[in-house]
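Peer 1: Show me the folded form of this:
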Amino acid sequence: MKDLWGVLARQRDYRLLLSAGLISLVGDWLLRTGLAFQVYVLTGSTLASGGLLLASFLPAVLLGSLAGVFVDRWSQRTTMIVTNVLNAVVLLPLIAVHSANLIWIVYAVVLAQSCLQQFFTPAEQSLVPLLVNPDQLVTANALNSQIRDLARLIGAALGGVLAAAGGLTLLALGDAATFLIAVVLVAGIRHRRDRPAKDEESAGGAIRRLKEEWTEGLRLCVAGSAMRLFFVFCLVTGVGEGVMSTLFAPFVSAELGGDGKVYGLIVSSQAIGGIVGGLVAAAIGSRRPAATLWGIGALAFGLIDTAMFLSPLVSASVIPAFVCMIVVGLPGALTLAGMMTVFQNLTVDGTRGRIYGAVGAAESVAVLIGIAGAGFLGDTVGIIPVLVFQGLGYVVGGAVVLSRRRALELRVVPQPV
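Peer 2: Prediction:
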């Protein structure tokens, strides 16, 4: 626990950042859960519910890489404050939604929030390495991963309660409150690293420079074998995430024979495992190289997932799925903490935002490919074979990372010219 104490007790700025992240993520899950419920109540349409996913996903594909360019130009702290304030403001139109004919307002709000998120997330990830010592980075990233699972448990439960108690009005006010609290916490961060002022330039010159920086971010995604490996791993696992999100509910129903309650319990058990795994990863993080944690975590994650997907072939019980979803939390936490630390070490402040945005945009496209492919192959090939492919993607990825771990620890992406 010494590593945890060293980060939480001695790094005040990081503690504020972590607290702000937890509170705003609780709000995200609160709104996400409540909106899914309320939209279906208002419309009675699963197609309308699916529109929420599309509205939240498009900005990541279309805006993610470009947003990262602006994040590199701006102060990360200021970017986070402004986006949180704007997030609170754009929620207010939800108060006016009381019937199905105004459902377009919900889509507009979700779309706006997703656009803002494309600026917030790269700024947050770029700020973390500046607030902790290099030997504390794995622990800090593990804690970041853990609060996501904790927020998921708290926010999902609150979202259902608020949706039932006060509808969209209470959901909007509750989520807006979390953003404003996060603003206060981020504003308390003492670290300042404002970007140097740029000389005035013409509109044409500004557009040309923006294009150059944007293409630079795309180039740096694959600059050097280490970054190429990180990029390809994100693409492969992104496809797997799309497969999992599409086929896991059918897997529980058709292969395990579970109902909606069983499905909800299994999904919730993953968050519990993630919280425990995050604590373990944070406690041991600084004692092992980040690339080793990433490789071992991904390999174990894939093996556990594969075992879970094959379990219906040998047992009709749902217990193996529960156990696997809990146990997979530890390697999942190790994977996220290790790979994010490697990414932060491979990049430098001033380019990190645009690279993160470009990788995120490509990963979002991969998720969409996984969703489309799983929808088709699940019917033609079968649910279990396609899900096993998802697990094997992590196994192969983890093995490759372990074989290249020395290069991942040594290589650094060059700064742009």
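Peer 1: hey, which helix is longest across this protein?
Peer 2: helix 137-187 (DSSP state H).
Peer 1: For it, name the packing helices and strands.
Peer 2: If you count contacts as 3 or more Cβ pairs under 8 Å, 6 or more residues apart in numbering; DSSP states H and E, helix 137-187 packs onto helix 2-10, helix 12-43, helix 76-90, helix 103-131, helix 260-284, helix 290-310, helix 329-346. Bear in mind the C-beta positions are built from the backbone N, C-alpha and C, glycine included.
Peer 1: Per-residue pLDDT of the residue lying closest to R77 once chain neighbours are set aside, please?
Peer 2: Once flanking residues are discounted, R77 sits nearest to I189: 5.5 Å by Cβ to Cβ, 6 or more residues apart in numbering. If you check I189, the pLDDT there is 90.
Peer 1: residue contacts, I189?
Peer 2: D13, L16, L17, R77, L131 (Cβ atoms under 8 Å, 6 or more residues apart in numbering).
Peer 1: Name the member of those with the most neighbours.
Peer 2: L17 (27 neighbours; other Cβ atoms under 10 Å).
Peer 1: surely it meets L130?
Peer 2: No - using Cβ atoms under 8 Å, L17 makes no contact with L130, being 10.0 Å away.
Peer 1: Touching stretch 85-94 from outside, list them.
Peer 2: By Cβ under 8 Å, 6+ apart, the residues outside stretch 85-94 that reach it are 24, 31, 105-106, 108-109, 112-113, 116, 120, 168-169, 171-173, 175-177, 179-180, 183.
Peer 1: which residues are in contact with stretch 149-169?
Peer 2: 22, 25-35, 37-38, 94-95, 97-98, 106, 170-171, 174, 268, 270-272, 274-275, 278, 329.
Peer 1: Buried residues in it, which are they?
Peer 2: 149-156, 158-159, 162-163, 167-168 (16 or more other Cβ atoms under 10 Å).
Peer 1: What of stretch 93-100?
Peer 2: Neighbour-count burial for stretch 93-100, with 16+ other Cβ under 10 Å as criterion, is recorded at P93, L94, I95, V97.
Peer 1: now the angle from the host helix or strand of V323 to helix 290-310?
Peer 2: Assigned by DSSP states H and E, V323 falls within helix 319-327. Angle, helix 319-327 to helix 290-310, by axes from the mean of the first three to the mean of the last three Cα atoms, to 10 degrees: 170 degrees.
Peer 1: what would the buried residues of stretch 93-100 look like in CSV with distance to N141?
Peer 2: Conversion of those to CSV gives the following (distance: Cβ to Cβ, whole Å):
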residue, distance to N141
P93, 35
L94, 33
I95, 37
V97, 37
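Peer 1: Sort out which one of these lies nearest L137 for me.
Peer 2: L94 (37.7 Å; Cβ to Cβ).
Peer 1: How about the closest one: what's its closest non-neighbour residue?
Peer 2: Using Cβ to Cβ, 6+ apart, the nearest residue to L94 is A172, at 3.9 Å.
Peer 1: Isn't that neighbour up against I105?
Peer 2: No - using Cβ under 8 Å, A172 makes no contact with I105, being 10.6 Å away.
Peer 1: And the two? Which one has more around it.
Peer 2: Under the criterion of other Cβ under 10 Å, the comparison of A172 against I105 puts A172 first, with 25 against 15.
Peer 1: Kindly provide the distance from the more buried one to Y14.
Peer 2: As judged by Cβ to Cβ, to the nearest Å, A172 and Y14 stand 30 Å apart.
Peer 1: again with A298
Peer 2: Taking Cβ to Cβ, one finds A298 at 26 Å from Y14.
Peer 1: Who has more neighbours out of these two?
Peer 2: A298 (29 against 24).
Peer 1: tell me which element the nearest residue to that one once chain neighbours are set aside falls in.
Peer 2: Spatial nearest neighbour of A298, chain neighbours left out: G398 (3.2 Å); criterion: Cβ to Cβ, 6+ apart. Element membership of G398, judged by DSSP H and E, is helix 383-403.
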